[in-house]
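> this one's sequence-less:
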Ligand SMILES: Nc1ncnc2c1ncn2[C@@H]1O[C@H](COP(=O)(O)OP(=O)(O)OP(=O)(O)O)[C@@H](O)[C@H]1O
Ligand SMILES: Nc1ncnc2c1ncn2[C@@H]1O[C@H](COP(=O)(O)OP(=O)(O)OP(=O)(O)O)[C@@H](O)[C@H]1O
Ligand SMILES: [Mg+2]
Ligand SMILES: [Mg+2]
C-alpha cells in the first residue's frame, strides 16, 4: 500500500511541483527549511488546495485525478489535520472542540480512546475552558487531541510539537507511533527538527523550494551523500540496531547491526530491544590503519570507501561514504583527504567518536 | 543594574505570583512547562496585563508601582515584543511591517541595522509580500525582524525560534546574543527547549504553575539538586570553559575550567575561546577508586560529595551533587548508592561519559 | 382593542420580515463574501440601491411591480389568483426589499471576518459543508446576525412610506403602527402620538437592551 | 437649472452627513466595542432607537427638540442667534441622528472582529494609542467603514420624512431630492419624477459599483 | 420674496399660478408643499413661512388660536371638488362601487385629509360604507390616493377634481363621477397670513392676488370652485 500524489501549485513567487510516492503506513516526514512548501503539500493532500493536474491515490483508492476532474472533498477523505497554528473553534469550549470530530465519527470507527488521548495530552483540567483562555502550548495540545479524536484514516500534522515541552513530547511521540503500529493510520508529518524526525519517522521526504528532492527510509536517506547538504551538520547515518549485551562494569551497552557492533554509554533498555542511533558525519573519523594507542574512540570499525564527495571550494569538510555493512557517512578535512588519498574501494577504519541515540 | 518585578495576576483557574530579580543585561530565559505562566509574565513586563500590587523597576527607573498607581504604558517602555504567534499586520506588506517600529524610532536610537537584520533572517525576497502569503516560519522571522528593528531597550521574546529550522536558528541565536554583547539590550526569552536555552541564556528563571521557583545563572542553576526534577532527564551541570589546547592526534580538545580540564571531541574553535558545555547528570558516573582499566570514560575527575538527594520511591535514579571545583550533578542507581555508601564530604571520582556542547 | 391592533400587526410584520430577511440574506451574503466573480460587486451595489429612493417613490415603483400587471405581481396573481398589493404578503415583500441592505451587509462583513480557517478545520473534522456552516460560521457570526436582525427589525417597525404605499393602510390588515402614529400627528392629536411613540420606544428599548446585554456576555472571538 | 438644485443639495447633505457620521461614530463605536461597562448595552440600545419611529414622527420630535425652545435648538440659538430648524445645519443634525445606527453598528462589529492583538503589537512598536488606531485599526476595519459609509450615505439620500419635517421644503435650502421627487409625484409630473429617480439610481449604482469593485481588490484580512 | 406653505393638493395649481403672479408683480414665491398637518406642526415650531394655504379650515383656525396667524387675513381661497375616478374608460355613477371587478376603492385617509373625510361622508350618505368597507384602501394624501388608482391597483378612487383635470394627468381625464356637493361638508380650503409674514407686504399682495379673477380662472381650470 502506497500513497502516490502529484501536485502542481503556482503562487506568485513560488511554484510547488511535487511527486510523492511514500508507503501508506508508518510515519512519513516532510523535512525541509522554512518556505520549502511543506504546509502547501499537506493542504493539497487534505484537498484544501486544488492543483492543476493534481493526482492522488491512497492504496487502491484514487482520491483525486484532475485529468478526469475527479476530486474527493476534504470531508470525504476522513482525515485528521493538525494545522501549523492551532485553529481551535473560539466559540466552543475545549471539550466541545475535542468532541467536534469525535461526534461526527461513526461509533464503529471511534478507534481512538477519549480518555487515553486526554490523559496523554494532559488537557483534562482544561475541558471547560474557552480556547482564548489557554496558553500557546495548551492550544496546540487541544488541536492535536481534536485531530486524533476524529479517528482519521490519514493523519496530517504540521509541526505539531513545535510549542510543546520535552515532557509532553515524550508522551506524544510514542502515541503517534502507536497510531501507526496499532491502528494502521498513516501519518504525514512536517518538522524542522531533525531530533524529532529521527525519533518519529520511517520515511523521510526532503523538500527544497517546492520540490521533493529525495524520498526514502530515514536510515537509508540520511546516508545519501548527495543529500548531506540538505541536512547540514546534522548530516550523518541513521542505523537501526538491537541491544546485544550490557557491559555493566564499563557502563556500556553493545548494539548489534548488520555490519557489526557499536558501543554506547549504557542504555536503560532490555536486551534484544531495538534502538535507532544517529551517527553524525562530523563525529566519524577515518584512519588507514587501526589506531594503536588507546584513544577516546570507543568504536573502531572496518570499512570500505564507497564514494568521495569532492566539495566545492566554499565548503570546509569533505564527505566520505563508507560501507561498514550499512552505509556510513564521515566528514574529514580537505587536508586529511589529501593525506589519506581515499578512493572508492579502499579499505580503512571508521572511528566513531560519539553516538547519539534517536529512538 | 537589575530588573525587579512583582506581578500578581489571577485568572479563573490560574494564579500568577512571581517575583523576578534578574540582571538587566544579557539573556534571561523563562523556562518551564506549557501553562506555567511564561507568556503571562512577558505580558506583564510589557505593560499589556495590569496586575494588582504590580511593581517593576529596570535599573533605577521604576516602570510600574501600583501602590502609587504609577504605570508606564507599553509605548513608554520602548520595548520589542515577539509574541508567541506572529501577529503581523495583515494589511501591510512585509516591508511595511518591518518599517512600522523602525520609522517610529528616533534616528539616533536606530542601532539595529536594517540590512543586517533582513539578511540574517533571510527575508529580503519577501519584502513585497503580504503576511497571509507567507509560510509559518517566514511569518515568525518577519515578526522577529519587526521587533528587532524597533530598536528596543528591552526585548521580550516568546518562543521566537519554535518554528525556525536549524540553519535559521544558527543565524538568529548569535544575533540575539549580540544584542546583549554589543548593544546592551537585555533580552527576556521564553523557551521550552533546553538545548536552545543552553545556547542563548545567561540567567534562567524556572517557572512552575505561576511561580518562579528558582532564578540564577544557568551554570549554577542547572547544578542545583532541588531543581533537577524541573529539568527532568536534561538535568545536569552547565560549565563555562575555555579551549586550552587541541590534541590533534587523538582528535580531542582540552577544555579548562575552574576545577580542572575536560576532554571533548575536537572542536573547531580556536585556543583561548570560550565554550559552554552541558554535562547531563545521567552521563556522569561515580567511582570510589580511580578506574584502572582503560574505559570509554574520557574524563575522570577527582570530586567531593556535597549532597545526596534521597529520592522518593517512584523515581529510579539517585542524584548526587559533587564538587569538582564547580558543582557537578551525577545520576546513579539506587543499587549503586547502596554499594558506594556515599556521604557528604566523601572523596570520589566522577566519570564523565559524554560531554554535550552548548555554546 | 383598536389601539392595539396596529401594534400586533407591526410586530408581526417586523418579525416575519426579519425572519425572511435573515433566511434570504444568509445565502446571499455568503455568496457575496466568498465569490471572486465580478458580478458580486454588481449584486452588492444592486442590493443597496433601494435605499436611495425616497420611500414613497420606492413604494410607488413597488406598487407598479407588485400590482396585478406588474413584474412580480403579475406572475404571482397568475399563480395564486390573488393580488399582492394591499395585502400583508405585499407588505412583507416590500419591507424585505427595502431593508435588505441592512441585513445583507452586516452578515457579509461577519462572514468575511470569520474567514476560511475555521471552516477548513471543520471540514477536516468530518463536517459537511452545510454542517460546518451551521456549527461554525453561524455562531462565529453571531454579532453580525444580531446587528442584522436589529437593523432589519427596527427599520421595518419604523418604515412608513413604502408600507403605506404598498399596503393602503387597511385597518387590521395593513395599517401598521407607524401609520397610526402618523395619523395622530397629522390630526394634531399629539397626546395619542406621544403615548404610542413612548410605548414603542420603551418596548424597543427593553428588547434591544436585553439583546445587547446578552450579546455582551459572549466573549468576542477575535481575542 | 432648477431640476438640478435639489440634486446638489442632496449630495451635499449626504456627503456632509456621512462625514460627520463617520467622525462621530468612530469614537462611539470604539467605546462600545471596548467597554466592559454595563452602560454600553444601554447606549447601544439608545443608538438604535430612532429607527423604530416613523420618520415623520421622529421628524416631529426633532422639530420640537431643534426648535428655538427645544432641548438642542434652545441652547444653540442662544449661542449662535440663529435657529436650527428649516436650515441646512438642522437637516444635517437630523440626518446624523437618524442614520447613526447604520454607521455605528458596522463600525462596532469591525472593531470587535479586529480584536486587541494587532493593537497590542502596535503599542509594542512605539505607536501611541492614537497612532495605532489610525495606522492599524482603521485600515483593518476598512470593510466596516465602507459598509457604514454606504448605508449612511444612501439612507440619507433617500430620507424623506425626517428631512421634510425638520427642513420644510425650501427650494435651494432644504428641498432635497427626495422631497423634490415627492412634489413631482404630487403634481402628477411623473415624467420628472421618473427622470430624477432613474438618474439617482444610476448615479448611485455607479458610485456603489466603483466602491465595491475597489473594495474587492483588497484581500480580506481574516485569511 | 414670499414663502408659501401649501397643502399638497393645491401644489400643482399653485405651480401654475406662481409664474403668472411673479411676472405680474416681480415678487418671488418660494413654495413648500406638504400635508397640511405637517405644515401646521412646522409653523407652530417656527417655520419661516409667510403664507399658509391649508387644505381645510381647521389648521388655520388652530394657528390663529396659537397666535401664529392673523385672524383677519383668513379666507377661503378655493373649494375643492370630490370625484370618483377610474383609470379605465367606463361610465361611473353612484352604483359603480358595487360593480363587478371592483376589488379596491382608494380614498384618502379620512383622519388626515379633508378629501378622505368627504369621501367617507359620501359613502355614508349613500349607505354603502358597510358594503364597501373591506374594499377601501387609504392613501396618506390625496396624491397617494390618486396613485393607487393611476397604478391600477385600485379600480376606483375618491380623488380631487383638480387632479383628474390636471393637464399633466397622463390617464383618462374625462371619465369621472362628480360627487354632488351636498353629499359631504364643503371642501373649503382656507388661506391665512402667518406671524412670520405679517410685515411682508408682498405676502399680503399675494393673498390679495389669490382672490383676483386671474387666479380664480386658473383655479377653475384645475377644478376648484
Ligand atoms: N497564498 C500564498 N500566496 C503566495 N505565496 C504563498 C502562499 N502561501 C504560501 N506561499 C509561499 O509558498 C512557499 C511555501 O509555503 P509553505 O507554507 O508550504 O512553506 P513551509 O514549507 O510550510 O514553511 P514553514 O516551515 O515556514 O511553515 C513560501 O515561500 C510561501 O511564501
Ligand atoms: N485569559 C485567560 N483566562 C484564563 N486563564 C488564562 C488566560 N490566559 C492564560 N490563562 C492560563 O494561564 C496559564 C498560563 O498561561 P501562559 O500563556 O502564561 O502559559 P505559558 O507558560 O506561556 O505556556 P505555553 O508554553 O504553553 O505558551 C495557563 O494555564 C492558561 O490556561
Ligand atoms: Mg508551514
Ligand atoms: Mg506561552
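Cool, got the structure. What you are looking at is a predicted structure, and each value in this text was computed from that prediction instead of being measured. Ligands and ions are numbered 1, 2, ... in the order given.

> any idea how far the strand or helix carrying residue C:178 is from the middle of the chain?
Residue C:178 belongs to helix C:177-186 when assigned by DSSP states H and E. Centre-to-centre, helix C:177-186 and its host chain are 21 Å apart (CA atoms, centre = their mean, to the nearest Å).

> what does stretch E:195-209 give?
22 Å.

> outside of it, which residues touch it?
Residues outside stretch E:195-209 that contact it (CB atoms under 8 Å, 6 or more residues apart in numbering or on different chains) are E:1-4, E:21, E:24-25, E:27, E:29, E:47-51, E:67-70, E:73, E:75, E:191, E:193, E:215. (Each C-beta comes from the backbone N, C-alpha and C, glycine too.)

> buried stuff in that stretch?
Within stretch E:195-209, the residues scored as buried using 16 or more other CB atoms under 10 Å in any protein chain shown are E:195, E:196, E:197, E:200, E:202, E:203, E:204, E:206, E:207, E:209.

> stretch A:63-77 too?
Within stretch A:63-77, the residues that count as buried by 16+ other CB under 10 Å are A:63, A:64, A:65, A:66, A:72, A:74, A:75, A:77.

> quick one: end-to-end distance for it.
For stretch A:63-77, the separation between the terminal residues is 8 Å (CA to CA, to the nearest Å).

> what does that stretch rub up against?
A:5, A:46-48, A:50-57, A:62, A:153-154, C:120, C:123-124, C:126-129.

> is there a quick ChimeraX command that grabs whichever of those residues are buried?
With 16+ other CB under 10 Å as the criterion, this ChimeraX line picks the buried residues out of the contacts of stretch A:63-77:
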select /A:5,46,47,48,51,54,55,56,57,153,154 /C:120,123,124,126,127
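
> how about the helices of the chain, start to end?
No chain specified, so I'll use chain A. Counting by DSSP state H, chain A has helices at residues A:38-46, A:94-103, A:114-121, A:136-149, A:166-183, A:194-200, A:218-221, A:228-231, A:334-340.

> my question was about chain E
Using DSSP H, helices in chain E cover E:8-25, E:36-44, E:58-65, E:114-125, E:129-132, E:142-150, E:161-164, E:201-211, E:213-221.

> ligand 2: which of those helices is closest?
helix E:36-44 (54.9 Å; CB to the nearest ligand atom).

> gap between that closest one and the chain center?
Worked out by CA atoms, centre = their mean, helix E:36-44 lies 16 Å from the chain centre.

> same check, this time on stretch A:7-14
25 Å.

> and that stretch, anywhere near chain B?
Yes - using CB under 8 Å from any CB of the partner chain, we find that stretch A:7-14 touches chain B at A:11, A:12, A:13.

> now residue C:119: how far from residue B:205?
Per CB to CB, to the nearest Å, residue C:119 is found 41 Å from residue B:205.

> burial count for residue A:157?
26 (other CB atoms under 10 Å in any protein chain shown).

> identify the residues contacting it.
A:81, A:82, A:144, A:147, A:176, A:187, A:188, A:189, A:190.

> if you set the cut-off to 10 Å instead, what comes out?
By CB atoms under 10 Å, 6 or more residues apart in numbering or on different chains, the contact list for residue A:157 reads A:27, A:29-30, A:42, A:80-84, A:143-144, A:147-148, A:176, A:187-191, A:200.

> neighbours of residue 130, how many?
By default, I'm working from chain A. Neighbours of residue A:130 (other CB under 10 Å): 18.

> other chain: chain E
So residue E:130, with other CB under 10 Å, has 9 neighbours.

> kindly report the same for residue E:91.
8.

> surely it touches residue E:175?
Yes - with contact defined as CB atoms under 10 Å, residue E:91 counts as touching residue E:175 (7.7 Å).

> how near is residue A:183 to chain B?
Separation of residue A:183 from chain B (CB to the nearest CB, to the nearest Å) stands at 26 Å.

> got it, and residue C:108?
19 Å.

> doesn't that residue belong to a helix?
Yes - read with DSSP: H, G, I helix; E, B strand; the rest coil, residue C:108 is one of the residues of a helix.

> count of neighbours near it?
Neighbour tally, residue C:108, other CB under 10 Å: 26.

> I'd say residue E:194 and residue E:71 touch.
No - between residue E:194 and residue E:71 no contact is recorded; they are 11.8 Å apart, counting by CB under 10 Å.

> need the residues touching each of those two.
What both residue E:194 and residue E:71 touch, as defined by CB under 10 Å, 6+ apart, is the set E:60, E:63.

> circling back: out of the contacts of stretch A:63-77, which are inside strands?
A:5, A:55, A:56, A:57, A:62, A:154 (DSSP state E).

> wait, what's in contact with the third one?
Under the criterion of CB under 10 Å, 6+ apart, the neighbours of residue A:56 are A:3-7, A:20, A:44-45, A:47, A:62-66, A:70-72, A:77.

> can you give me the distance of it to residue A:153?
Separation of residue A:56 from residue A:153 (CB to CB): 14 Å.

> check the fifth one too.
Distance of residue A:62 to residue A:153, computed by CB to CB: 15 Å.

> of residue E:194 and residue E:71, which one has the most company?
Neighbour totals were compared for residue E:194 and residue E:71, and residue E:194 leads with 24 against 13 (other CB under 10 Å).

> state the pLDDT value of the more buried one.
On pLDDT, residue E:194 comes in at 94.

> residues in contact with it?
E:3-5, E:43, E:47-52, E:60, E:63, E:68-70, E:73, E:200, E:203.

> how about residue A:1?
Here residue A:1 is in contact with A:23, A:24, A:25, A:58, A:59, A:60, A:61, A:184, A:186 (CB under 10 Å, 6+ apart).

> wait, residue C:157 sits on residue C:177?
Yes - with contact defined as CB under 10 Å, residue C:157 and residue C:177 form a contacting pair (7.2 Å).

> compare these two and say which is more crowded by neighbours.
residue C:177 (29 against 26).

> ok, now which ones touch the more buried one?
C:3-11, C:13-14, C:157-158, C:160, C:196-197, C:199-200, D:52-54, D:57.

> what about it, distance to chain B?
45 Å.

> pLDDT for the ones in strands among the contacts of stretch A:63-77 - can I get that in a markdown table?
Putting the ones in strands among the contacts of stretch A:63-77 into a markdown table (pLDDT from 0 to 100) gives the following:
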| residue | pLDDT |
| --- | --- |
| A:5 | 94 |
| A:55 | 95 |
| A:56 | 95 |
| A:57 | 93 |
| A:62 | 94 |
| A:154 | 92 |
